[in-house]
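[1] Compute the structure for the input listed below.
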Amino acid sequence: MRVSINILFIATLTEVLFSISCGSVDTSNTSITFNKDIAPIIHKNCSSCHRQGEAGPFALITYQDVRSKAKTIAKVVSKGLMPPWPADTSYSRFLGEKILPNNEKQLLLDWIAQGCEEGDPKMKPEVPVFPTFSRFGVPDAVIKISQPIEIPGDNRDRFLVVKMPYELERDTFVSIIEYVPGNRMLSHHVNGHMVHYAESGKRNVFEGPFAVDRDDVGTLDSSYRAIKLLNDDGTYPLLVPSAFNYLPGVEVQQYPEGIGGYRISRKGVMLLRDVHYGPSSKNDVDTPRINLFFAPKPPERPLLETQLGTLGISDIVPALVIPPDTVMRFTTRATIRQDISVVTINPHMHLLGKSFWAYAIKPDGDTIPLIRIPRWDFRWQYFYTFPKMLRIPSGSVVVAEGVFDNTTSNPNNPFNPPREITGTNGSMRTTDEMFQLIMNFLPYEPGDEKINLDPSVFKNKGL
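    Purely as a prediction, here's the structure:
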C-alpha cells in the first residue's frame, strides 16, 4: 500500500526549504569525511533501499549520490523520518530495526553542515554489491509474469486477480517466496496463494488470460474461471492461502530450518488473489516477479496466521465509521484458546491512521507488550518479527487499539474537506479504512522462547 509519491514530494520540498548547502563551508579543519566516516553509515542504513529497483526514490550509494541529496538527508534525518521505523523501540523490539544511533545521526548532520568533504581517495570504500531483484541473493527459481499488467491512468483504485504459472523439474520445498513488484509506485498490496496441480489435473497451466479486473468480472469465483485457474474437468485445484504477501516496506523474513516454508508442486500457479494498484493519472504497467528459494526438506512447523479486526476473527468497537472532523479511537480484541508462539505481527490501517497499539493481557492480569506505533505511517507497514518467539498463554486476550484522524490536520487525508470514511464493508480501497492486527504464529512448544529468529545467528551456525 505504497504512497511513494509522498516520499518524492518530501524530497522535492525539503530541497527547497532546507538551507544547508554542501561545499559552502570551509572544511580545511574538519576530519569528518565521506570516505572515512559517512559511507559506512549510508551503506548500512540507506543503500539497500535507495538503489535501482527498490523503494527509495533516488540512489544513495556513491559520494556523488549522497552529496547531491545532502539537504534532503539532513531534513529527514533530523526529523526522524529516515531511516523509516514507525515502531516504538522503548515498548517492544524486533529484528531489522531501522534506527540510526544518535552518534551516527550527529556525525552525518555535522558532515553536511561542514561542507560534505569527500576525503582521502585512498580511503574510498568499495561500492556495496546488492542482489538484483532480491533481498536474499540468487534465487533457485524465478517466476515472471507472462505479459506486463496494464494499469490505466483513470485515477481510480484497481483490484486485479492475476496468475503467474510455472513448471519446475520436480515437486520440492521452498523456504522463501519473495514477491518483487515491478512498479513500486503504484503497488498497494498483494495477497498471494499457491495453487498445486496434479499431473493429470491441468494439461496446460500457461493458457491465458493471466489477469482480470475484479470489478469487471464480479466475484472471485468468476475471476478464477476467467483466468482458467480450474482443473481441466472444472474442479478446483489445491490452494495454499497466504503463502506470500506484499505491503509497503515489507521485507520477507527467513526463519530457522524447519520453521515456515511450503511444499511446492512441479506444476502450478502463483495466484495473486488481490493485486491492488493505487490511482494513477497516466497509463502505466507492472511486471512483478516471484523468487523461490528451495529448502532441503519439508517444514516441520508450518506457520499459521490469524487476524483481528477488519475481515478477521474479532469485531471492531465501535463500528469502523469515522465522521468528518473527528479523531476517534477503535478497539478490537480476541481470546487465545491455546498456548501460541508469535513470530511476526503486522498492524494495518490506511491514510487516516494516527497511532496503533497492541498488547496481550494474560489470565493473571499481566500485560505482554506487542507493538506501539505512536505516529502511523501508511508508507511503511512492516511484518515485524520478534528476535525470539513470543509466548502468549491460553486464555490471554489480544487487544489492538487504533486512533484515526479524519480532520484537515491530517496531511494524508484524501479528502478536503473531510468526508465520512467507513471500514465496515471490508473495502480495501485506499480512501476507505481498515483496522487489522495480523499475527503469524506456531502452536507453542517448550523452548520456543529460546529459539533465535535472527538469520545472522542461525545461518552462521550452519542451520
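[2] only C-alpha atoms for contact and neighbour calcs from this point on.
    Noted.
[3] Gln307 reaches Phe435, doesn't it?
    No. Checked against CA atoms under 8 Å, the pair Gln307 and Phe435 is beyond contact range at 10.0 Å.
[4] how distant is stretch 368-381 from the center of its chain?
    The chain centre lies 13 Å from the centre of stretch 368-381; the measure is CA atoms, centre = their mean, to the nearest Å.
[5] sorry, that was for stretch 330-350
    Relative to its chain's centre, stretch 330-350 lies at 17 Å (CA atoms, centre = their mean).
[6] for it, which positions count as buried?
    Buried residues in stretch 330-350, counted by 16 or more other CA atoms under 10 Å: 330-336, 339-350.
[7] that older thread, compare Gln307 and Phe435 (neighbour count), which wins?
    Phe435 (29 against 18; other CA atoms under 10 Å).
[8] Could you pull up the contacting residues of the more buried one?
    Counting by CA atoms under 8 Å, 6 or more residues apart in numbering, Phe435 makes contact with Gly309, Thr310, Ile316, Pro347, His348, Met349, His350, Gly402, Gly423.
[9] same thing with Val66?
    Contact analysis of Val66 by CA under 8 Å, 6+ apart lists Leu60.
[10] Can you show me the CA trace of the helix or strand hosting it as PDB?
    Using DSSP states H and E, Val66 falls within helix 63-68. What follows is helix 63-68, C-alpha atoms only, in PDB (Å, rounded to 0.1, in the frame of the first residue of the first chain):
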ATOM      1  CA  TYR A  63      29.600  10.100  -2.800                       C
ATOM      2  CA  GLN A  64      28.000  12.000  -5.700                       C
ATOM      3  CA  ASP A  65      24.600  10.400  -4.800                       C
ATOM      4  CA  VAL A  66      24.800  11.500  -1.200                       C
ATOM      5  CA  ARG A  67      26.200  14.900  -1.800                       C
ATOM      6  CA  SER A  68      23.500  15.800  -4.300                       C
END
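[11] just checking, next helix/strand downstream of it?
    Once the chain leaves helix 63-68, the next helix or strand it forms, by DSSP H and E, is helix 70-78.
[12] all strands in the stretch 201-350 of the chain, in order from the N-terminus.
    Using DSSP state E, counting those that start in this stretch, the strands of the stretch 201-350 of the chain run over 211-213, 238-246, 262-264, 267-277, 284-286, 289-295, 304-309, 316-317, 321-322, 326-335, 340-348.
[13] ugh, typo on my part, it should be the stretch 351-463 of the chain
    Using DSSP E, counting those that start in this stretch, strands in the stretch 351-463 of the chain cover 353-361, 367-373, 384-392, 397-406, 421-422, 436-443.
[14] To Ile264, which of the ones you listed lies closest?
    Ile264 lies closest to strand 436-443 among the strands of the stretch 351-463 of the chain, at 20.2 Å (CA to CA).
[15] got the angle between the closest one and strand 397-406?
    For strand 436-443 against strand 397-406, the angle by axes from the mean of the first three to the mean of the last three CA atoms, to 10 degrees is 160 degrees.
[16] same for strand 436-443, what does it pack against?
    Contacts defined by 3 or more CA pairs under 8 Å, 6 or more residues apart in numbering; DSSP states H and E place strand 436-443 against strand 304-309, strand 340-348.
[17] State the paired neighbours of it in the sheet, together with their directions.
    Each strand paired with strand 436-443, and its direction, by DSSP bridges: strand 304-309 (antiparallel), strand 340-348 (antiparallel).
[18] Mean pLDDT for those strands - can I get that in TSV?
    Output for those, formatted as TSV (pLDDT from 0 to 100):
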stretch	mean pLDDT
strand 304-309	95
strand 340-348	96
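[19] need those in JSON lines with distance to Trp376, can you?
    Formatted as JSON lines, the strands paired with strand 436-443 follow (distance: least, CA to CA, whole Å):
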{"stretch": "strand 304-309", "distance to Trp376": "17"}
{"stretch": "strand 340-348", "distance to Trp376": "9"}
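[20] Of all those strands, which one is nearest Glu126?
    strand 340-348 (34.5 Å).
[21] Quick check: the gap between Gly365 and Asn283.
    Separation of Gly365 from Asn283 (CA to CA, to the nearest Å): 55 Å.
[22] Gly365: neighbour count?
    By other CA under 10 Å, 10 other residues sit near Gly365.
[23] Need the phi and psi values for it.
    phi 100, psi -10 (degrees, to the nearest 10).
[24] Lowest mean pLDDT among the helices and strands, pick that one out for this protein.
    One helix or strand of the chain scores below all others by mean pLDDT, DSSP states H and E: helix 4-17, with a mean of 36.
[25] Downstream of that one, the next helix or strand is which one?
    Next in sequence after helix 4-17, counting helices and strands by DSSP H and E, comes helix 39-45.
[26] Tell me how the protein divides into domains.
    4-123, 141-301, 305-460 (automatic domain parsing).
[27] okay, those in TSV with distance to Pro131 next?
    Shown next, in TSV, are the domains of the chain (distance: least, CA to CA, whole Å):
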stretch	distance to Pro131
domain 4-123	10
domain 141-301	12
domain 305-460	17
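[28] For Thr287, which non-adjacent residue is spatially closest?
    Nearest residue to Thr287, sequence neighbours excluded (CA to CA, 6 or more residues apart in numbering): Gly182, at 4.6 Å.
[29] do the same with Gly56
    Closest to Gly56 by CA to CA, 6+ apart is His50, at 4.2 Å.
[30] neighbours around that neighbour, how many?
    Counted with other CA under 10 Å, the neighbours of His50 add up to 19.
[31] Equivalent analysis for Ala39, please.
    Residues lying near Ala39 (other CA under 10 Å) number 25.
[32] I figured it was touching Pro125, is that so?
    Yes. Using CA under 8 Å, Ala39 makes contact with Pro125 at a distance of 7.1 Å.
[33] Can you list the low-confidence ranges for the protein?
    By pLDDT under 70, the low-scoring segments of the chain are 1-30, 458-463.
[34] run the last query once more with 80
    1-30, 52-55, 248-251, 425-428, 456-463 (pLDDT under 80).
[35] hang on, isn't the residue nearest to Gly56 packed against Leu60?
    Yes. If you go by CA under 8 Å, His50 and Leu60 touch, sitting 5.3 Å apart.
[36] so Gln106, which of the three states?
    Using DSSP: H, G, I helix; E, B strand; the rest coil, the structure places Gln106 in helix.
[37] how much space between Gly395 and Gln307?
    Distance, Gly395 to Gln307, using CA to CA: 17 Å.
[38] re the thing from before, please dump the contacts of Phe435 into CSV; it should also carry distance to Pro139 for every row.
    Output for those, formatted as CSV (distance: CA to CA, whole Å):
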residue, distance to Pro139
Gly309, 35
Thr310, 34
Ile316, 41
Pro347, 29
His348, 29
Met349, 32
His350, 33
Gly402, 38
Gly423, 39
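[39] Go through those and name the one nearest Gly278.
    Among the contacts of Phe435, His350 lies closest to Gly278 (CA to CA), at 12.2 Å.
[40] from memory the closest one sits against Gly423, does it?
    No. The criterion here is CA under 8 Å, and His350 misses it with Gly423 at 10.0 Å.
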